[in-house]
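> Curious how this folds, go ahead:
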Amino acid sequence: MIGEGLLQTLTDANFVVDWVSNGMDGEEAIRSHSYSTVLLDLKLPEKPGLEVLRAVRNLGNKTPILIISAAETVDMRLIGLDAGADDYLVKPFDARELISRIRALARRSVGQASSKLTNGAMALDVATNEVIYKGRIEVLPPREFALLRTLVAKPATVFSRAQLEESIYGWGQEVESNAVEVLIYYIRRRFGKDIILNVRGVGWKVAKDIP
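Purely as a prediction, here's the structure:
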């Protein structure tokens, strides 16, 4: 029930979410996918959350991990943080605080101090889905924003169609045909055709300093 509620809450907040319900699958997901943040419960079937945390940290995985747990003693918080967690939130919690902590962890992981992601003349506010470009402010639909944020966060990095699909669809969601191309078309229509650059036969990127 908690997992279903979190999935809906985070989806409503415009996050793309993958959800697994046991420790073994959770560890495999962290190992095989790139996430901005992982929410990790401690009481998981098949493999406890602390064991999952220690296993991925022993492999050198640096994905920000936020423990969510009903265990509220200081000792348990210290154990979780010392095992490699980046933050610890005790259940029950306010969804707004959870979302703020997720955003803070994601910012910290890429060296940002504020909610704005800036590249040249463009700035993205991840708290509001606003794009500021040459004096204009536009609020983008969730998938347009998610795709643009993925590109702007790593300027000059070429992303394939599969990588961009992963940034806009969670597990179990049906991937629409040509979804990436359609979203790129809408973004270019808003801000200009040179905002997102084609790399023939490979994928798409944005410039290091968006003009």
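> Give the buried residues for the helix ranked longest in the chain.
Secondary structure of the chain per DSSP state H: the longest helix is helix 95-109. For helix 95-109, the buried set under the neighbour-count rule, 16 or more other Cβ atoms under 10 Å, comprises 98-99, 101-107. Just so you know, the C-beta spots here come from the backbone N, C-alpha and C atoms, and that holds for glycine as well.
> what's the average pLDDT for it?
The average pLDDT for helix 95-109 rounds to 84.
> Check which helices and strands that helix sits against.
For helix 95-109, the helices and strands in contact under the criterion 3 or more Cβ pairs under 8 Å, 6 or more residues apart in numbering; DSSP states H and E are helix 2-12, strand 65-69, strand 87-90.
> From the rest of the structure, what touches the first one?
Residues external to helix 2-12 that are found in contact with it (Cβ atoms under 8 Å, 6 or more residues apart in numbering): 17, 19, 21, 39, 41, 91, 95, 98-99, 102, 170.
> and the direction of it versus that of strand 65-69, what angle?
Orientation note: helix 2-12 sits at an angle of 130 degrees relative to strand 65-69 (axes from the mean of the first three to the mean of the last three Cα atoms, to 10 degrees).
> any idea how far helix 2-12 is from the chain center?
Mean C-alpha position of helix 2-12 versus that of the full chain (Cα atoms, centre = their mean, to the nearest Å) differs by 14 Å.
> and if you look at stretch 128-148?
Using Cα atoms, centre = their mean, the mean C-alpha position of stretch 128-148 is found 16 Å from that of the whole chain.
> residues of that stretch that come out buried?
Neighbour-count burial for stretch 128-148 [16+ other Cβ under 10 Å]: 129-131, 133, 140, 143-148.
> ditto for stretch 21-36
Buried residues in stretch 21-36, counted by 16+ other Cβ under 10 Å: 23, 25-27, 29-30, 35-36.
> May I ask which two of those residues are separated the most?
Using Cβ to Cβ, the pair of those lying farthest apart is G23 and S36, separated by 20.8 Å.
> mind listing what N61 touches?
Taking Cβ under 8 Å, 6+ apart as the definition of contact, the neighbours of N61 are 30-31.
> What does it show for phi and psi?
Backbone geometry at N61, expressed as degrees, to the nearest 10, gives phi -70, psi 130.
> Could you measure from it over to S32?
In this structure, N61 and S32 are 11 Å apart, going by Cβ to Cβ, to the nearest Å.
> Thanks a lot, catch you later.
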